[in-house]
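1. sharing a sequence plus its predicted fold:
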Amino acid sequence: PLATLALPAARAADAPWPGARPISLIVPSAAGGAADFVARTFASHVPRTLPQATVVVDNRPGAAGILGALAAKGAAPDGYTFLLTSNSTHAANVSLYRQLRYDPLKDFVQVGMFGRFSSVLLVRADAPYRSLQE
């Protein structure tokens, strides 16, 4: 999946950014997983570029990332809330849920990409199949 930063789509305030407020980085999955690791690594590096900035990782797991996406969508569009998203919240959920309460294209704006992460399909060594076709 792709790990992407997204902001609720709207105009940010004209105040200097980042100010004294912490930046919230919503991770729509549980702490301890790959997305959480990426978010915490990113958060630890932000002060090198923006010494006045503090990034708080806010894990919001549940409902295939929908809870985290909704939390980001509902945040003020002031540039202080980001969503670390993936193909789950912004591609798969569109097809999996009939009444998704957010639109990945209209409600969010991509502001950066952390990288591409591979998925691996595994089976037990004694399974009767050796390929995806089987």
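-> Cool, the structure landed. Residues are numbered from 1 along each chain as shown.

2. for Gly68, what are its contacts?
-> Taking Cβ atoms under 8 Å, 6 or more residues apart in numbering, we find Gly68 in contact with Ile26, Val27, Pro28, Ser29, Asn59, Arg60, Pro61, Gly62, Leu83, Thr89. Bear in mind the C-beta positions are built from the backbone N, C-alpha and C, glycine included.

3. quick one, helices of this protein?
-> Along the chain, the segments classed as helices by DSSP state H run 34-49, 66-73, 87, 93-96.

4. okay, which residue is most central for this structure?
-> The chain has Leu84 as the residue nearest its centroid, 1.8 Å off, counting by Cα atoms, centre = their mean.

5. so that one bridges to which residues?
-> Residues in a beta bridge with Leu84, per DSSP bridges, are Leu5.

6. can you verify my assumption that it contacts Gly33?
-> No: using Cβ atoms under 8 Å, Leu84 is not in contact with Gly33, being 11.2 Å away.

7. need the winner for burial among the helices of the chain.
-> Most buried of those by mean neighbour count (mean count of other Cβ atoms under 10 Å) is helix 66-73; its value is a mean of 21.

8. tell me how many other residues crowd the nearest residue to Pro104 once chain neighbours are set aside.
-> Of all residues not flanking Pro104 in the chain, His90 sits nearest, at 4.0 Å (Cβ to Cβ, 6 or more residues apart in numbering). Close neighbours of His90, defined as other Cβ atoms under 10 Å, add up to 23.

9. shouldn't His90 be in contact with Asp103?
-> No: with contacts counted by Cβ under 8 Å, His90 stays clear of Asp103, the gap being 9.9 Å.

10. for Ala91, give its distance to Leu105.
-> 11 Å (Cβ to Cβ, to the nearest Å).

11. for these two, work out which one has more neighbours and name it.
-> Ala91 (14 against 11).

12. isn't that one up against Pro104?
-> Yes: Ala91 is within contact range of Pro104, at 7.4 Å (criterion: Cβ under 8 Å).
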